[in-house]
Each structure stands twice: as structure tokens, then as C-alpha cells.
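Asks: Could you work out the structure for the sequence below:
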Amino acid sequence: MNKFSTILGAVIVFVFAACEGPQGPPGFDGLDGLDGADGIQGQVVEVEGVNFDYDFDANLFSTLITFSDVTNFEVFESDAVLVYRHDGVIDLNDGTTADAWTQIPQNYFLNEGTIQYVFSHTFVDLELFIDGNFDLSSLSTDFTDNQLFRIVFVPSEYAESPGFDAANIESVMSTLNIGEEQITKLDIN
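Replies: Numbering: from 1, shown residues only. Presented below is the predicted three-dimensional model:
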């Protein structure tokens, strides 16, 4: 009986070990480039050569930037769009320099009065304005021609998180895990 059990056990092992069914369907591909735990990402686009047009009737300058012209990043209505204007280059204590960026809205107090850079956006475009409390037709081209902006697309999940500091572009880029080398740069001149 012991010999019979051993032979029967060996046959059962061989029968089940030899069974193989058809290969199942392949699994789903991963999300390329989205290494984060939740796949949320943002983007920074640097737009150089922005020129404003003067509207005499409204006494303001404006320019329109269509997102599809500067990026293929999909912007959702719930996403935050932040805009920063390049204020120039500053000297650091260690002898190096750094770009200075200021979040819009941004005010300038001139001898003639006050101007303000402001913007409005949809999920397809962004309109930048220069508004003021005096006749802007003689505003210096230092404010209207060949301007440099950074547009930051922030998924709503980040924009609504506690401690999110939208005023500081370096903090925003750090939160989104975007380095200088990942900024999309475009000259629209």
C-alpha cells in the first residue's frame, strides 16, 4: 500500500506539473514619465519676446498667449495658472547672479502714476494686461516690448495643498519637482 501511495503521488505531481494553460492577456502599460505616486505633474513655460499692444479706447496694453502655441501640456479648468515676470538679473553675495521673478499681479509706481501687470486666463489661453491710472500711450517700451514671462501650470491637487507658496517661483517649481532644465523655453519674437 505504501508503494502504491508513492506511485500515485508521483503520477499526480507529474500530471499537475505538466498542465499549462494558454497565456493570458498582457497587462496595461505604465504611465511613461509620470514617476510620482499619483501621476500628477505640472509644467513651466518660459515665453520670451512678449510684446504688448496698446488699446487707445481702453487705455491699456494687452497681449494674448494661446497655450497650444507654447506647449502641448493639457490644462484643465480646475488647474491653477500662475504667471511670473522677469525683473532682471541680480548680483548675489558669492559673486554669481540670479534671475529675479515676480508673480503677477505686479505694481510699478512711476512719476506719472501707477501701472499694474495683471492677467486673466481660461484653460486654452492667457491674456496679459498692463493697466494704469494715467495715460499709458506714452509708457516706456521697457514695460511693453520684449518682455519675459514664466507661465506655471499647477494641477489643482497641488494648488489646494496646505503650505503651497505661489508667490515664490522656486518654491512652486520645487513642489512640482521641476528643475531649470525641464522648463520649456519659447521665443515668440
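Asks: Where does pLDDT dip in this protein?
Replies: Applying pLDDT under 70 to the chain flags the ranges 1-21, 24-40.
Asks: Tell me where it has strands.
Replies: Taking DSSP state E as the criterion, the chain carries its strands at 43-50, 53-55, 60-66, 80-91, 97-103, 106-109, 114-121, 125-132, 147-154, 184-187.
Asks: With distance to S138 added, can I get those strands in JSON lines?
Replies: To be clear about C-beta, it is placed using only N, CA and C from the backbone, and glycine gets the same treatment. Compiled in JSON lines, the strands of the chain are given as follows (distance: least, CB to CB, whole Å):
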{"stretch": "strand 43-50", "distance to S138": "20"}
{"stretch": "strand 53-55", "distance to S138": "10"}
{"stretch": "strand 60-66", "distance to S138": "12"}
{"stretch": "strand 80-91", "distance to S138": "21"}
{"stretch": "strand 97-103", "distance to S138": "24"}
{"stretch": "strand 106-109", "distance to S138": "15"}
{"stretch": "strand 114-121", "distance to S138": "12"}
{"stretch": "strand 125-132", "distance to S138": "11"}
{"stretch": "strand 147-154", "distance to S138": "18"}
{"stretch": "strand 184-187", "distance to S138": "27"}
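Asks: who touches the residue nearest the centre of the chain in this structure?
Replies: For the chain, the residue sitting closest to the mean C-alpha position, by CA atoms, centre = their mean, is Q43 at 2.3 Å. Residues in contact with Q43 (CB atoms under 8 Å, 6 or more residues apart in numbering) are T71, F73, V152, F153, I178, T184.
Asks: For the buried ones among the residues you listed, write the corresponding ChimeraX selection.
Replies: Here is the ChimeraX command that selects only those of those that count as buried (16 or more other CB atoms under 10 Å):
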select :71,73,152,153,178
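Asks: Nearest to N168, out of the contacts of Q43: which one, please.
Replies: Comparing the contacts of Q43 against N168 with CB to CB places V152 closest, at 11.2 Å.
Asks: Give me the contacts around stretch 44-59.
Replies: In contact with stretch 44-59 (CB under 8 Å, 6+ apart) are residues 60-63, 65, 70-71, 73, 128, 130, 132, 135-137, 143-153, 173, 176, 178, 182-189.
Asks: how about a cut-off of 7 Å?
Replies: Stretch 44-59 has contacts (CB atoms under 7 Å, 6 or more residues apart in numbering) with 61-63, 65, 70-71, 130, 135-137, 144-152, 173, 178, 183-189.
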